[in-house]
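Asker: what's the 3D shape of this:
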Amino acid sequence: MSVFPYIVAVWLIVVGLYGIVTSRNLVHLVICLSVMQASTYVLLLAVGYRSGAKAPVYADIPIGTQIVDPVVQALTLTDVVVEATVAALLLALAVQTHKRFGTVDPDELGALRG
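Answerer: Sure, this is the predicted structure:
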């Protein structure tokens, strides 16, 4: 088993977190959050991978053959859908923020009013 996918996942988390901390733009912030979310895809697929295993299609596989865990694949697909929804919502909020305040810089936004 290789540690390379885990190193890539940690690297993506660090790069995304650095981008979030240093972001001066709400759109850049959403993109960095998406990069961090991509690390969870890599991590989930690394956990579910088995070297030499077959795809989880049980129709023609003999009993006792190793297969890749289909639950991890389903969780990864769910993660992709959730990330796309969160990114769309945050980008819509960034657009509304630009319309209302005229800027997407978090430091230049005024105090939120009710």
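Asker: Where does pLDDT dip in the chain?
Answerer: Judged by pLDDT under 70, the chain has its weakly predicted residues at 1, 111-114.
Asker: what about the residue nearest in space to the middle of it, distance to Ala87?
Answerer: For the chain, the residue lying nearest the average C-alpha position, counting by Cα atoms, centre = their mean, turns out to be Gln37 (1.8 Å). Distance, Gln37 to Ala87, using Cβ to Cβ, to the nearest Å: 8 Å. Yep, even glycine has a C-beta here, placed from its N, CA and C like the rest.
Asker: Likewise for Val8?
Answerer: 21 Å.
Asker: next one: Asp107
Answerer: From Asp107 across to Ala87, the span is 22 Å (Cβ to Cβ).
Asker: Likewise for Thr65?
Answerer: Thr65 sits 38 Å away from Ala87, going by Cβ to Cβ.
Asker: Three-state assignment for Leu43, please.
Answerer: For Leu43, the secondary structure call by DSSP: H, G, I helix; E, B strand; the rest coil comes out as helix.
Asker: who's in contact with it?
Answerer: If you count contacts by Cβ atoms under 8 Å, 6 or more residues apart in numbering, Leu43 has them with 5-6, 9.
Asker: and which of those is nearest to Gly52?
Answerer: Pro5 (16.4 Å; Cβ to Cβ).
Asker: Kindly confirm whether my reading is correct that the closest one touches Gly48.
Answerer: No: applying Cβ atoms under 8 Å as the test, Pro5 and Gly48 come out as separate, 10.6 Å apart.
Asker: which non-adjacent residue is nearest Tyr6?
Answerer: Of all residues not flanking Tyr6 in the chain, Ala46 sits nearest, at 6.0 Å (Cβ to Cβ, 6 or more residues apart in numbering).
Asker: List the buried residues for the longest helix along the chain?
Answerer: Secondary structure assigned by DSSP state H gives helix 70-101 as the longest helix of the chain. Taking 16 or more other Cβ atoms under 10 Å as the basis for neighbour counts, the residues of helix 70-101 that come out buried are 72, 75-76, 79, 83, 90, 94, 97.
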